[in-house]
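J.: Sharing a model that was predicted from the sequence below.
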Amino acid sequence: MNSKADNIVEILVTQEAIEQRVAELGGEITAAYRDRLPLLVGVLKGCTLFMSDLVKLIDTPLEMDFISLVSYGSMTRPSGAARITKDLDCVIEGRDVLLVEGIIDTGMTAGYLLRNLEARQPRSIRVCTLLDKPARRIVKIPIAYRGFEIPDRFVVGYGLDFRQIYRNLPYIGVLSDKITGLDRNAATRHPHRDSGLTRHG
Ligand code: IMP
Ligand code: MG
């Protein structure tokens, strides 16, 4: 019988470490946004598990909304072009917005979203990401709340997928090269981008 953990060769961030760090982030966000009714904007679908745990540990009233996008380009020729496939339901003008991401890699997605959302004139906008993979950063992103910095590995779990699978792992794991087709030492080809179209999260 198949297990959801099949082909996971290494656990990079354990469930316990995630729980502890998410609680710390919740505390920091509570202190920073107390009485400001922040709007947490989750970037689908990678944000889902992180966002649902995080909001439970934020002890001030808040609102939640979600956005979804696809981006164009490839690993070797990132275009920075993207299209929103599910926009926010609410108006963010004058609001204190916190963008919640599962992972920031090249920074193209977060960069696009920041430009797009800033044009709607929120009172403030900050970025919160569970994972930060700085090795491949192209667009500089100011990260206000960061769960973990990770090395340049393709990871899955806790909301993050490989071809839409593995999101339901309770930890962050590394997939076998057999599945990703990646050479661990070459480390620069990312399967989710090679199709030329990336569904985010
Ligand atoms: P960026 O635009 O390069 O920062 O990439 C952000 C998006 O790429 C994320 O929202 C994920 O969908 C995907 N991504 C980047 N690295 C990984 C990874 O290691 N595992 C799973 N998805 C990833
Ligand atoms: Mg994905």
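T.: Nice, I can see it. These numbers were taken from a predicted model, which means no experiment stands behind them. Numbering: from 1, shown residues only. Ligands and ions are numbered 1, 2, ... in the order given.
J.: Have a look at this protein and report its longest helix.
T.: The longest helix of the chain (DSSP state H) is helix 15-33.
J.: pLDDT averaged over whatever helix or strand comes next after that helix - what is it?
T.: Per DSSP states H and E, helix 15-33 leads on to strand 39-43 as the next helix or strand towards the C-terminus. In this model, strand 39-43 has a mean pLDDT of 98.
J.: Show me the contact partners of strand 39-43.
T.: With contact meaning Cβ atoms under 8 Å, 6 or more residues apart in numbering, strand 39-43 is reached by 48, 51, 54-55, 62-69, 88, 90, 92, 95-102, 109-110, 113, 117, 122, 200-201. All C-beta atoms are positioned from the backbone trio N, CA, C, and that covers glycine.
J.: Out of these, name the ones that lie in helices.
T.: Using DSSP H, these in helices are 48, 51, 54-55, 109-110, 113, 117.
J.: low-confidence ranges in the protein?
T.: 74-78, 183-201 (pLDDT under 70).
J.: how does it look with 80?
T.: 73-80, 182-201 (pLDDT under 80).
J.: Centroid-nearest residue for it?
T.: residue 102 (2.0 Å; Cα atoms, centre = their mean).
J.: Assign a three-state SS to the residue nearest to that residue when sequence neighbours are not counted, would you?
T.: Of all residues not flanking residue 102 in the chain, residue 46 sits nearest, at 2.9 Å (Cβ to Cβ, 6 or more residues apart in numbering). Three-state call for residue 46 (DSSP: H, G, I helix; E, B strand; the rest coil): coil.
J.: how near is residue 46 to ligand 1?
T.: Look at residue 46 and ligand 1: by Cβ to the nearest ligand atom, to the nearest Å, they are 5 Å apart.
J.: same check, this time on residue 87
T.: Residue 87 is 17 Å from ligand 1, by Cβ to the nearest ligand atom.
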